[in-house]
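Novice: Here's my sequence, what's the structure:
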Amino acid sequence: MGTLVDNVDGRVAITADHGNLFGEWGLYGHPMHTPVPALLAVPWAETTGVDRETLAPELEPPEPLPVSRVHGETGERERLEALGYL
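Specialist: A predicted model of the protein is given here:
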């Protein structure tokens, strides 16, 4: 996060789609189907950034991602299952 706040001006919010367990109830990571509040709470942190120009990234086009399926070849449920959401 230090690199980010040293290279942008203004309010910065850091968040994620879910939390992680760090030993709560003897669990770590984010195991599926575990209704622990620390896992279900969406992380949120705010700070203020000041651009100190400590990083000048080289912007190159990213490599294309490998495509294993043609869009529309499988249904939404199958995609969610493949990603581990169902």
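Novice: can you tell me which helix in this protein is longest?
Specialist: Ranked by residue count and defined by DSSP state H, the top helix of the chain is helix 76-82.
Novice: Would you mind writing the CA trace of it as CSV?
Specialist: Below are the C-alpha coordinates for helix 76-82, written out as CSV (Å, rounded to 0.1, in the frame of the first residue of the first chain):
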residue,chain,number,x,y,z
GLU,A,76,-23.1,-19.1,-16.0
ARG,A,77,-23.5,-21.8,-13.4
GLU,A,78,-20.7,-23.9,-14.9
ARG,A,79,-18.4,-20.9,-14.9
LEU,A,80,-19.1,-20.1,-11.2
GLU,A,81,-18.6,-23.8,-10.3
ALA,A,82,-15.3,-23.8,-12.1
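Novice: buried residues in that helix?
Specialist: When burial is assessed from 16 or more other CB atoms under 10 Å, helix 76-82 yields no buried residues. Every residue, glycine included, has its C-beta placed from N, CA and C.
Novice: residues in contact with it?
Specialist: Outside of helix 76-82, the residues within contact range by CB atoms under 8 Å, 6 or more residues apart in numbering are Leu86.
Novice: Now do it, average pLDDT.
Specialist: Confidence over helix 76-82 (mean pLDDT, whole number) is 76.
Novice: which non-adjacent residue is nearest the residue most central in space within the chain?
Specialist: Geometric centre of the chain, nearest residue: Ala16, 4.9 Å, by CA atoms, centre = their mean. Nearest residue to Ala16, sequence neighbours excluded (CB to CB, 6 or more residues apart in numbering): Pro43, at 5.0 Å.
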